[in-house]
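1. Turn this into a structure:
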Amino acid sequence: MNGNNPYAGPPGVTPAGEPETATIDLSSDQERELRSAVAGIVTQTESYLPDSYIVGSELSVGTDGPQATVAVNPPAGHPVSAGFTPDPDDLDAGLAKTETDEVAKGLAASAALQVMNAIGDLTPTAK
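-> Residues are numbered from 1 along each chain as shown. Here you go, the predicted structure:
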């Protein structure tokens, strides 16, 4: 019965019928660009919000490539986060400032909305 188990076999060996995955390694310049872009998003998001909001980030590299997450924990309501997986080729060219600005603005707006929803008495301005 062990052969029918999808977890059977030695570790590190790709099971039959599944594509082989290769870890994507970043060069030091690519990693530096990613860290700089994420730090910029954190700083810009913090600039839109009062000090009571906590903004943080996490970087990792998996089989799908580099992954970045920026999260905001508002003083009331649920935390919000934005994650993205940039293409290593985009890191060589540099991430577009418009993209990082959009992430920062969206996170700040979502965090502010979480507080407004938690407090209640929210009057919608548009439909």
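2. Please list all residues in contact with Gly83.
-> Gln67, Ala68, Thr69, Val70 (C-beta atoms under 8 Å, 6 or more residues apart in numbering). Placement of C-beta: from N, CA and C, glycine included.
3. ok, it to Gly106 distance?
-> Distance of Gly83 to Gly106, computed by C-beta to C-beta, to the nearest Å: 12 Å.
4. Repeat that for Asp29.
-> Asp29 is 27 Å from Gly106, by C-beta to C-beta.
5. neighbour-wise, which of these two wins?
-> Applying other C-beta atoms under 10 Å to Asp29 and Gly106 shows that Gly106 carries more neighbours, namely 13 against 10.
6. Okay, and the closest residue to the more buried one other than its chain neighbours sits in which element?
-> Nearest non-adjacent residue to Gly106, counting by C-beta to C-beta, 6 or more residues apart in numbering: Ala82, 6.5 Å away. Of the helices and strands defined by DSSP states H and E, Ala82 is found in strand 80-84.
7. That strand: which residues count as buried?
-> With burial defined by 16 or more other C-beta atoms under 10 Å, the residues of strand 80-84 counted as buried are Val80, Ala82, Phe84.
8. Thr100: neighbour count?
-> 20.
9. What degree of burial does the closest residue to it other than its chain neighbours show, as a neighbour count?
-> What sits nearest to Thr100 in space, not counting adjacent residues and going by C-beta to C-beta, 6+ apart, is Ile41, at 5.1 Å. Using other C-beta under 10 Å, Ile41 is surrounded by 25 other residues.
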